[in-house]
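Novice: Show me how the following folds:
(one chain, ligands or ions: 1)
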Amino acid sequence: MGIFVNEAQGRFHLQSKRMSYVIQIADGLPLHVYWGKKLRSESNLQGLMIGMPEGAGLDRLPQEYPQYGSGDFRNPAYQVQLADGTRITELRYITYRLLPGKPALEGLPAVYAETDDEAQTLELELSDAYSGLKAVLRYTVYEELDAVVRSTVLVNEGGRVLQLKRAFSASVDFQSGDYELIYLSGAWAREGVINRRPLRQGGTKIDSKRGVSSHQLNPFAALVRPDATETSGEVFGFSLVYSGGFEAEAELDAFGSTRFGIGLNSFDFSWQLNPGDAFQTPEAVMVFSSEGLGEMSRTYHRLYRTRLCRGKYRDAERPILVNNWEATYFNFDTEKLMAIANEASRLGIELFVLDDGWFGKRDSDNCSLGDWVEDRRKLPGGLADLAGRIKELGLKFGLWVEPEMVSPDSDLYREHPDWCLHVPGRRRTEARWQLVLDLTRKEVREYIVSTLSGIFSTVPVSYVKWDMNRNLTEIGSAELPPERQGETAHRYVLGLYEMLDRLTASFPDILFESCSSGGGRFDPGMLYYMPQTWTSDNTDAVERLKIQYGTSLVYPVSAIGAHVSAVPNHQVGRMTPLEFRGDVAMSGNFGYELDLTRFTDEEREAVKRQVNEYKQVRRLVQQGELYRLKSPFEGNETAWMFVSADRREAVVYYFRVMAEPNPARSILRLAGLEPGLDYVVQGKDGLETCLGGDRLMQAGLPLEFKQSDYESGFFKLKAAD
Ligand code: DGJ
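Specialist: Below is the predicted model:
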């Protein structure tokens, strides 16, 4: 396993535990000749470009980083404008390098290797002699974790200015057109919708022009064989480690080949490369599975949970929290918060989170962003006093911030009206009565970092919810010269990453959670800095089945924030039982978001049981292997299970949304167990039976539901000694 180089034949074979990726240099071009299930040996690799016509032009060649303008009419991976205005470049292979481990990416989030032997990196150097443009295609293969990670560095080694107009992270030419495209779409409060559509000649594109990865389309897509299912068939996943605008396109050409490219959105993008400058693209994480979507997801989960997320919370069990947002919105004072916190501590909850409304004069969402000074009308003793009192109850204290924003009605805006993204002479489009701070500017970043650092070092904050509640408009920066205005959106993201780097390094004991009106920026870039994300502002348990199921296609459950909220639900008005809400939220990173002081005695007892239950299963849920058993997108029932790495323990959650008259028998076949082991299976009622792993996976378990809507249950499994 690793990277095998056949210099004589110009071939590179990247091999991991279950996958091979093969590149062939021909006529100075790196050609893509294979990606799929692991190929055994070097002798297998001859003649992989089967059936390619003799002397085929660029339009027929499967390439690794294609150009436009010299006979390939498909989507290029890059485009560069020379000082003379022309846009023709021809990158030709120069040399290669092998590096142990995985180099970090300058200024960008990236998956990492902890030791040099868990990954190996290949760099292919290409150059366009005429312009001096150099490209370094970087491939890291993770042997055990089974992924190939690609990014590109574009360097100006010429003597004149170059303008990048497009710079993808990766492009792959599949020598077949027999694929369907799977991707995640949505909207505010409707994230994680799984879409699947066949490719037809022409392009199928997903993108975000919003300056954030977006609720609407997530920076992830998979090409799958038409027969691929959750448990079988070939799947090729692409996930971009980036939090800004992106594009990904699958293009089926006239010859039945499919080109898939992914990277920064080239719409409204340009980047000036002065002589000597280099541009590093974000990276694309590519995962192959021959066992369907489930296996692809588990590979992403393992990699993202252990080699993307960082810090002391990466491997730690996450605290059960209560958040006051849906309990009080802006209408709270110390007394109200303390009442909730008191109740939380009695229930066994571990973290109290103070959400929006604690600063400036923020009684609604129309003011004060930027003025990060506690509102003494609501908190007469200030934040430190409140946090101290909460700590005395045995709870950790968490705080909401939305640092990237400024309200026009704020002291910050009155003092620095040019600190927001804007275009001189144009109106400033407000969304939720707020503008976006220009993070391309150093003094703006300094203000944010020093203000937050002041709070985090004087208030005992253990958790921070970092929110971002609008998309970017009038994307221009007062600081940048005209020829660099097209860099603003990407520089914004780089500025954000720089701040996050500094803050997370300075406050390593804080657990950071990212949020963008829920899942508007649920992406691997944010997970590098913050190991968990608020999945959706939609807390309705029925809606959450789909949202959490869809999100889990790529993202580990430890990242998926899930809260029990009040009924009728605030987003959809639905009444669901506390038990059902609890089982859905316990299938994620668990918490409560409602007024705990309003519980009846019976509810209080039920919540105590839930909290206790979650403490017992949370290591499995947060760090186990996820097996999706029944999809909410396909029927009335949903089920999933979490299995320990050694397969000796598991927990299964199952749900039925609507009652059915005279229902058919429902059988749940489990997955991921050891067929030869016997397991003690305990239902929610506490009753235990001992059953074989083979029986549980092949014959399954009958699910029993009471005759009412919104039924749920769980099984806990432990290998019998
Ligand atoms: C949007 C978030 O998603 C909510 O959870 C809450 O924090 C509000 N913002 C506060 O304004």
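Novice: all contacts plus neighbour counts: C-alpha atoms, from now on.
Specialist: Noted.
Novice: which residue does the stretch 1-150 of the chain bring closest to the ligand?
Specialist: Closest contact between the stretch 1-150 of the chain and the ligand, by Cα to the nearest ligand atom, is at Pro109 (22.9 Å).
Novice: I should have written the chain there, sorry.
Specialist: Ser517 (3.5 Å).
Novice: Skip the chain neighbours and tell me the closest residue to that residue.
Specialist: Closest residue to Ser517 apart from its sequence neighbours, by Cα to Cα, 6 or more residues apart in numbering: Asn469 at 5.2 Å.
Novice: Mind telling me what element Gly353 is part of?
Specialist: For the record, residue 353 is Val, not Gly. Val353 is part of strand 351-354, with elements assigned from DSSP states H and E.
Novice: Just the mean pLDDT for that strand, thanks.
Specialist: The predicted model assigns strand 351-354 a mean pLDDT of 98.
Novice: same deal with stretch 392-408?
Specialist: 98.
Novice: Residues in contact with stretch 638-657: which ones?
Specialist: Residues outside stretch 638-657 that contact it (Cα atoms under 8 Å, 6 or more residues apart in numbering) are 542, 545, 580, 583, 587, 617, 620-621, 623-632, 636-637, 670-674, 679, 705, 709-719.
Novice: Recalculate using a threshold of 6 Å.
Specialist: 620-621, 624-632, 636-637, 673, 709-719 (Cα atoms under 6 Å, 6 or more residues apart in numbering).
Novice: and if you look at stretch 704-721?
Specialist: 580, 648-659, 678-684.
Novice: Near the ligand, which residues of the stretch 251-400 of the chain? Just list them.
Specialist: Asp355, Asp356 (Cα under 6 Å from any ligand atom).
Novice: Taking the contacts of stretch 704-721, please make a PyMOL selection of just the buried ones.
Specialist: Buried residues within the contacts of stretch 704-721, by 16 or more other Cα atoms under 10 Å, are selected in PyMOL with:
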select buried, resi 580+648+649+650+651+652+653+654+655+656+657+678+679+680+681+682+683
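Novice: Which of the contacts of stretch 704-721 fall in strands?
Specialist: With DSSP state E as the criterion, strands contain 649-656, 678-683 from among those.
Novice: quick revisit: centre of the chain versus the helix or strand following the strand holding Val353, how much separation?
Specialist: With elements assigned by DSSP H and E, the helix or strand that comes after strand 351-354 is helix 382-392. Relative to the centre of its chain, helix 382-392 is centred 33 Å away, using Cα atoms, centre = their mean, to the nearest Å.
Novice: So which bits of helix 382-392 are buried?
Specialist: Gly382, Leu383, Ala384, Leu386, Ala387, Gly388, Arg389, Ile390, Lys391.
Novice: how much space between Leu437 and Thr473?
Specialist: Plainly put, Leu437 is 11 Å away from Thr473 if you go by Cα to Cα, to the nearest Å.
Novice: The two - which one has more neighbours?
Specialist: The residue with more neighbours, out of Leu437 and Thr473, is Leu437; 26 against 19, by other Cα atoms under 10 Å.
Novice: Quick check: end-to-end length of stretch 68-83?
Specialist: 18 Å.
Novice: wait, stretch 166-181
Specialist: Its start and end residues considered, stretch 166-181 measures 23 Å (Cα to Cα).
Novice: hmm, who's touching the helix or strand hosting Ala222?
Specialist: Per DSSP H and E: Ala222 is located in strand 217-224. Applying Cα under 6 Å, 6+ apart, the external contacts of strand 217-224 come out as 179-185, 234-240.
Novice: contacts for the helix or strand just after it?
Specialist: Downstream of strand 217-224, the next assigned helix or strand under DSSP H and E is strand 235-241. Under the contact criterion Cα under 6 Å, 6+ apart, strand 235-241 has outside partners 219-224, 283-289, 292, 524-525.
Novice: quick one on the thing from earlier: within the sheet, what are the partner strands of the strand holding Ala222, with directions?
Specialist: In the sheet, strand 217-224 lines up against strand 180-185 (antiparallel), strand 235-241 (antiparallel) (DSSP bridges).
Novice: Show the contacting residues for Tyr183.
Specialist: By Cα under 6 Å, 6+ apart, Tyr183 lies in contact with Ile194, Asn195, Ala221.
Novice: Nearest spatial neighbour of Val172, chain-adjacent residues omitted?
Specialist: Nearest non-adjacent residue to Val172, counting by Cα to Cα, 6+ apart: Phe260, 5.3 Å away.
Novice: scratch that, Gly158
Specialist: Nearest to Gly158 is Gly132, by Cα to Cα, 6+ apart, at 3.9 Å.
Novice: ok, the one you found - contacts?
Specialist: Counting by Cα under 6 Å, 6+ apart, Gly132 touches Asn156, Glu157, Gly158.
Novice: can you do 10 Å?
Specialist: For Gly132, the contact set (Cα atoms under 10 Å, 6 or more residues apart in numbering) comprises Leu82, Thr89, Leu91, Val155, Asn156, Glu157, Gly158, Gly159, Arg160, Leu162, Pro275, Gly276.
Novice: Throw these into JSON lines and include pLDDT, neighbour count and secondary structure, thanks.
Specialist: JSON lines is the format used below for these (pLDDT from 0 to 100; neighbours: other Cα atoms under 10 Å; DSSP: H, G, I helix; E, B strand; the rest coil):
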{"residue": "Leu82", "pLDDT": "98", "neighbour count": "19", "secondary structure": "coil"}
{"residue": "Thr89", "pLDDT": "97", "neighbour count": "22", "secondary structure": "coil"}
{"residue": "Leu91", "pLDDT": "98", "neighbour count": "23", "secondary structure": "coil"}
{"residue": "Val155", "pLDDT": "98", "neighbour count": "21", "secondary structure": "strand"}
{"residue": "Asn156", "pLDDT": "98", "neighbour count": "24", "secondary structure": "strand"}
{"residue": "Glu157", "pLDDT": "98", "neighbour count": "21", "secondary structure": "coil"}
{"residue": "Gly158", "pLDDT": "98", "neighbour count": "18", "secondary structure": "coil"}
{"residue": "Gly159", "pLDDT": "98", "neighbour count": "12", "secondary structure": "coil"}
{"residue": "Arg160", "pLDDT": "98", "neighbour count": "15", "secondary structure": "coil"}
{"residue": "Leu162", "pLDDT": "98", "neighbour count": "26", "secondary structure": "strand"}
{"residue": "Pro275", "pLDDT": "98", "neighbour count": "16", "secondary structure": "coil"}
{"residue": "Gly276", "pLDDT": "98", "neighbour count": "14", "secondary structure": "coil"}
